[in-house]
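pasting the sequence and the predicted coordinates here, then a few questions.
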Amino acid sequence: MPPWASVGGVRNIGAALLLALVLAACGTSEGGVGEPLRITVSSAPPAYLGERYEARFPASGGVRPYRYELEGKLPQGLNFTNGRLSGLPREKGSFKITVVVTDAALSSRSATFTLHVKDPPPPKLTVKLPQSETDAPFIAVLTLSERPTQALRLRLTLKDLKPDLESLKVAPELIYVLRYDAEKQTLDLDGAFTKTFKGGELLRLRLEPLRKLRPKVSSQAQFFDAKGEPYTKTPPKRPADSGRYGFEELRTLAARWLKSAPSAAPAPKASGPPAQKPADSADGQEGTDSQDEAVAPSEEAEGPPAKASPEESERQPPEDSAVASPQPNDQPAAENLEPAPPAFDPDLDGDGKVGAADLELLRADYAFNPGGRLSPPKPSENPDADKENPSPGEGAQDREEAPASSPKPEDAP
């Protein structure tokens, strides 16, 4: 065989290999030689109402670039662009969507997903304890993560663990009330934050094992979001007790913590006639007119009214006007209506500022209960009856008198 023939053959083989490599590169993507077009995810992550959401639907294989389309109805607040679903969902429910991807060679693939939009889950409560058996005292640390919170109800069951309540340290923003039942080994805590708590250490507490054991603490909790709405409707299961104040009052106190109480409104100006002057007034006829106007109600009750002057006649309604009952002109006609219940004032000691002294007064007459109130309590229709027949929770407060300069909790609005 001539030498040139073998050289030409080698050249032809090299050219063929180069052409094959070029064609393979043009017909494949990052997935490898000959990989078919496909969507590489099999599900869409859940979305939460009012929280920022983002999900991607990447593809591989085929010939780039890719073009995306979406079929189906999206929840309000979400948009789909270039394989990316994002936005702030404003509608709860389950939504079936189909993602279609087409490559440069006009090959198409599709995948169907169910997108669930739910209420946000509560914050994650983590209890850090020793991981091995011990009979020595230790510090338990509770942390919150993943969701902001404004208030919480908490019950901890401390099996064979005795808490040192004096060692309790809480987050600086937390205003709390505590109850410990040594017989049932339960610790109840109601707390409200002076500003939204976005996560971190909630509290730490020293616990002493009653025997050698691997410590376990079980918890039940209800959390409230940054707007004050409950993440879950169910509070911890715990026995009720009695007291004038409750969870809603604690939240109100935290919202006003270290803030000055609103100044008292000035007394309204009297809109009626001027005050009565003595009979021996030296003001002449004007003094006599003022005196007559001031005593007009009593004269009306004792006998027929005096003839009104032309100026007074213009101010008084005609005799045939529809009047529910004869009343003086300077008294309101709706005095028999039931007054609206006053809002709770957290300035319990009346010093003009909401602080530690008010918290102690609230703690002294606080009611833990399974549900609690989510609106300010209505005052009793008969306050005197309440004083004559105090509730069981008020006995402890009677034994623990407040300072003379401060009103007792039962005198607070």
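Yes, it's here. Numbering: from 1, shown residues only.

show me the strands in the stretch 151-300 of the chain, by range?
161-170, 174-181, 186-197, 200-209, 217-224 (DSSP state E, counting those that start in this stretch).

tabulate the CA atom coordinates of stretch 150-157 in CSV.
What follows is stretch 150-157, C-alpha atoms only, in CSV (Å, rounded to 0.1, in the frame of the first residue of the first chain):
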residue,chain,number,x,y,z
GLN,A,150,-46.2,38.8,69.5
ALA,A,151,-47.5,36.7,72.3
LEU,A,152,-47.7,33.1,73.6
ARG,A,153,-49.4,30.7,76.0
LEU,A,154,-47.1,27.9,77.1
ARG,A,155,-47.4,24.8,79.3
LEU,A,156,-44.3,22.8,80.1
THR,A,157,-44.5,19.3,81.8
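
okay, buried residues for it please.
Using 16 or more other CB atoms under 10 Å as the test for burial, stretch 150-157 gives 150-156. For glycine as for every other residue, the C-beta is placed from the backbone atoms N, C-alpha and C.

I'd like the average pLDDT over it.
What stretch 150-157 shows for mean pLDDT is 97.

is residue 130 in contact with residue 214, as I believe?
Yes - counting by CB atoms under 8 Å, residue 130 touches residue 214, with 7.4 Å between them.

neighbour count winner among the two?
Using other CB atoms under 10 Å as the criterion, residue 130 and residue 214 rank with residue 130 on top: 15 against 11.

mind checking what secondary structure that one has?
Classification of residue 130 by DSSP: H, G, I helix; E, B strand; the rest coil places it in coil.

pLDDT weak spots in the stretch 201-350 of the chain?
261-341 (pLDDT under 70).

which stretches of the stretch 1-150 of the chain form helices?
For the stretch 1-150 of the chain, helices defined by DSSP state H, counting those that start in this stretch occupy the ranges 3-26.

contacting residues for the closest residue to residue 128 other than its chain neighbours?
Distance criterion CB to CB, 6 or more residues apart in numbering; nearest residue to residue 128, sequence neighbours excluded, is residue 141 at 4.3 Å. Residue 141 makes contact with 127-128, 201, 203-204 under the criterion CB atoms under 8 Å, 6 or more residues apart in numbering.

filter these to the buried ones?
Buried among the contacts of residue 141 (16+ other CB under 10 Å): 203-204.

between the contacts of residue 141, which sits nearest residue 369?
Nearest to residue 369 out of the contacts of residue 141 is residue 203 (CB to CB; 21.6 Å).

quick one, what contacts that closest one?
Residue 203 touches 141-142, 168-171, 174, 189, counting by CB under 8 Å, 6+ apart.

against residue 179, how distant is it?
Distance check for residue 203 against residue 179: by CB to CB, to the nearest Å, it reads 15 Å.

circling back to that earlier point, of all the strands of the stretch 151-300 of the chain, which one is nearest residue 82?
Short answer: strand 186-197, nearest of these by CB to CB, at 34.6 Å.

mind listing what's buried along the closest one?
Along strand 186-197, these residues count as buried under the neighbour rule (16+ other CB under 10 Å): 186-194, 197.

likewise for stretch 247-257?
For stretch 247-257, a neighbour-count test (16+ other CB under 10 Å) marks 247-257 as buried.

find the nearest non-adjacent residue to residue 132, please.
Closest residue to residue 132 apart from its sequence neighbours, by CB to CB, 6+ apart: residue 214 at 6.4 Å.

and residue 84, by the same measure?
Leaving out its chain neighbours, the residue that sits closest to residue 84 by CB to CB, 6+ apart is residue 56, at 5.3 Å.

what's the burial count for the residue nearest to residue 59 when sequence neighbours are not counted?
Leaving aside its sequence neighbours, residue 59 sits nearest to residue 101 (CB to CB, 6+ apart; 4.5 Å). As a burial measure, residue 101 scores 23 neighbours (other CB under 10 Å).

residue 101: what's it in contact with?
Applying CB under 8 Å, 6+ apart to residue 101 gives the contacts 37, 39, 57, 59, 66-68, 83, 108-110.

which of these are buried? Put it as a ChimeraX command.
Per 16+ other CB under 10 Å, the buried members of those correspond to this ChimeraX selection:
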select :37,39,57,59,66,68,83,109
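
closest one to residue 361 out of the contacts of residue 101, please.
residue 57 (58.0 Å).

settle this for me: residue 194 is touching residue 173, isn't it.
Yes - here residue 194 reaches residue 173: they are 5.0 Å apart, a contact under CB under 8 Å.

what sits up against stretch 61-71?
With CB under 8 Å, 6+ apart as the test, stretch 61-71 has contacts from 26-29, 31, 35-38, 57, 59, 80, 82-83, 85, 97-105, 107, 109.

how about that stretch: buried residues?
For stretch 61-71, the neighbour count (16+ other CB under 10 Å) marks 61-62, 66, 68, 70 as buried.

show the contacting residues for residue 44.
Residue 44 makes contact with 55, 85, 97, 113-115, according to CB under 8 Å, 6+ apart.

specify the beta-bridge partners of the spatially closest residue to it that is not a sequence neighbour.
Leaving aside its chain neighbours, residue 44 sits nearest to residue 113 (4.3 Å; criterion: CB to CB, 6+ apart). Here residue 113 sits in beta bridges with residue 97, going by DSSP bridges.
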